[in-house]
Each structure stands twice: as C-alpha cells, then as structure tokens.
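Student: Here is a sequence together with a model predicted from it:
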Amino acid sequence: MIHIVDYGLGNIQAFLNVYKRLGVEVVRARSKEDFHGVTKLILPGVGAFDHAMDLLNASGMRQSLEDFVKRDRVPVLGICVGMQILAESSEEGSMSGLGWVKGCVRSFAGNSASSLLPMPHMGWNDVVVGVESPLFKGLENDARFYFLHSYYFDCDEASQAIAHADYGFQFDCAVQADNIYGVQFHPEKSHHWGTILLKNFAEI
C-alpha cells in the first residue's frame with residue numbers, strides 16, 4: 001500500500017484523488033502509528049528546505065522513514081521540496097537534509113545563467129529523460145510538467161540524475177538512487193503526464 005507522508009506540507013488530497021481515480025490503494029500517514037503494510041512512500045513538500053526538515057523531524061516519522069527506505073528498501077518518491085530534502089544540504093538553509101541522495105540544493109539566483117530570469121521558476125516545462133527509469137515509462141518523449149521553485153537539486157553522481165529541464169541552463173529535475181526517487185516538478189498538477197508518472201511509481 002502506498003503511504004503519503006503528511007508532515008504538514010504538500011497537497012496530500014491531490015495525490016489521494018489521483019490514486020483514487022487510478023484504483024490504487026493509498027493512505028495518508030500523519031504519525032508513525034499510521035504505517036501499516038507499507039509497500040511505497042510518497043514524500044511531498046512545498047516551501048523552504050529548513051522548514052520542511054523541522055516539520056519532518058517534529059512529526060516523529062523520520063526514524064520510521066529511515067528504516068523503511070534505507071533498511072527495508074521500500075521505494076520512496078520525493079516531490080518538490082520533498083525531493084530537495086533527499087539531498088545532503090541546501091543553499092536555502094543551514095540544516096542537513098536526509099542525505100539519501102548525494103548532492104546539494106542550489107539557488108537559481110546564484111547561477112549567472114539564470115540569475116536574471118524571473119523567480120521562482122514557475123509554469124510548464126519540457127522534461128528530457130536522460131537515464132532509463134521505470135518512473136518515466138511512456139514519458140521518454142515530449143513530456144511536460146508543472147514547476148514552481150527557486151532552488152534546484154545539483155546531483156553529485158551524473159548517473160543518478162535521470163531527467164533534466166532548462167531554466168537558463170540544464171538542471172537536474174529528477175533523481176534516482178536505487179529505491180529512492182525524486183522529482184522537482186508537481187506530478188499532481190501536471191495533467192495526464194503526471195498521472196502516468198504516479199501510476200508508474202505505483203507499479204514499481
């Protein structure tokens with residue numbers, strides 16, 4: 001069963017609605033006591049990096065998530081800030097991230113190629129799949145997703161950056177490290193492309 005981690009950030013209901021339409025069993029997890037029969041995890045998020053880490057740490061669910069993901073190898077999908085906190089650190093704040101994927105979250109404003117562009121990066125953007133992944137099955141060509149962010153994941157290992165988008169320069173917009181997946185865009189707001197991606201995750 002897919003558990004959507006509700007630690008106070010992200011549009012949980014949107015994910016519940018998508019999976020209900022798909023006929024996929026999914027539940028909301030607000031505490032560690034809600035984790036029963038976990039087969040997959042979705043870690044959503046919006047807003048600032050440190051705020052997300054503060055809320056996740058305060059939720060009492062972090063250790064359970066660490067056990068599921070790192071020990072039991074349960075597939076997890078981080079979305080937007082939920083992807084960013086998979087990293088080791090962020091230029092947006094001072095706290096350490098989960099460190100499940102090696103890399104740092106960096107500011108578009110700090111990059112000369114994007115510093116003069118409007119912030120945040122908002123709206124629809126093409127996503128180019130660079131590494132074959134079950135997450136992007138059927139989305140290898142002409143996929144477009146909805147973005148809303150001012151920071152991006154700078155992945156240490158090129159093989160773990162599975163898709164890219166462009167905002168002044170090419171940036172990593174999806175990562176995969178074994179059972180750990182992350183996307184910067186919002187699949188729950190991305191019409192049929194997002195529905196396909198969420199269905200793909202359910203089938204991993």
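Tutor: Yep, that arrived. Residues are numbered from 1 along each chain as shown.
Student: what comes into contact with the helix or strand encompassing His164?
Tutor: Following DSSP states H and E, one finds His164 within strand 161-166. When contacts are defined by CB atoms under 8 Å, 6 or more residues apart in numbering, strand 161-166 is touched by residues 125-131, 133, 135-136, 145, 147, 155, 170-176, 183-185. All C-beta spots, glycine's among them, are computed from the backbone N, C-alpha and C.
Student: Given it, what are its sheet partners and their directions?
Tutor: Here strand 161-166 is paired, per DSSP bridges, with strand 121-129 (antiparallel), strand 170-177 (antiparallel).
Student: Could you check how far that strand is from the centre of its chain?
Tutor: 13 Å (CA atoms, centre = their mean, to the nearest Å).
Student: quick check: mean pLDDT across it?
Tutor: For strand 161-166, mean pLDDT is 97.
Student: Quote the end-to-end distance of stretch 56-64.
Tutor: 11 Å (CA to CA, to the nearest Å).
Student: Check stretch 70-77 too.
Tutor: 13 Å.
Student: Report the buried residues of that stretch.
Tutor: 70, 74-77 (16 or more other CB atoms under 10 Å).
Student: Dump these to JSON lines, plus pLDDT, secondary structure and distance to Met1.
Tutor: JSON lines is the format used below for the buried residues of stretch 70-77 (pLDDT from 0 to 100; DSSP: H, G, I helix; E, B strand; the rest coil; distance: CB to CB, whole Å):
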{"residue": "Lys70", "pLDDT": "97", "secondary structure": "helix", "distance to Met1": "20"}
{"residue": "Val74", "pLDDT": "98", "secondary structure": "coil", "distance to Met1": "11"}
{"residue": "Pro75", "pLDDT": "98", "secondary structure": "coil", "distance to Met1": "12"}
{"residue": "Val76", "pLDDT": "98", "secondary structure": "strand", "distance to Met1": "14"}
{"residue": "Leu77", "pLDDT": "98", "secondary structure": "strand", "distance to Met1": "14"}
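Student: Which member of these is positioned nearest Arg21?
Tutor: In terms of CB to CB, no member of the buried residues of stretch 70-77 lies closer to Arg21 than Leu77, at 17.7 Å.
Student: so the closest one touches Asn200, yeah?
Tutor: No: look at Leu77 against Asn200 with CB atoms under 8 Å: they stay out of range, at 9.8 Å.
Student: list residues touching both of those two?
Tutor: Common neighbours of Leu77 and Asn200 (CB under 8 Å, 6+ apart) are Leu135.
Student: Show me where this structure dips below the pLDDT cut-off.
Tutor: Across the chain, nothing is flagged by pLDDT under 70.
Student: max-length helix in it?
Tutor: helix 191-203 (DSSP state H).
Student: which strands and helices sit next to that helix?
Tutor: Judged by 3 or more CB pairs under 8 Å, 6 or more residues apart in numbering; DSSP states H and E, helix 191-203 is in contact with helix 12-22, strand 40-43, strand 143-149.
Student: For Gly194, which of these is the nearest?
Tutor: strand 143-149 (6.5 Å).
Student: Show which residues not belonging to the closest one make contact with it.
Tutor: Against strand 143-149 from outside (CB under 8 Å, 6+ apart): 46, 80, 120-127, 129, 136, 165, 173, 183-187, 189-190, 193-194, 197.
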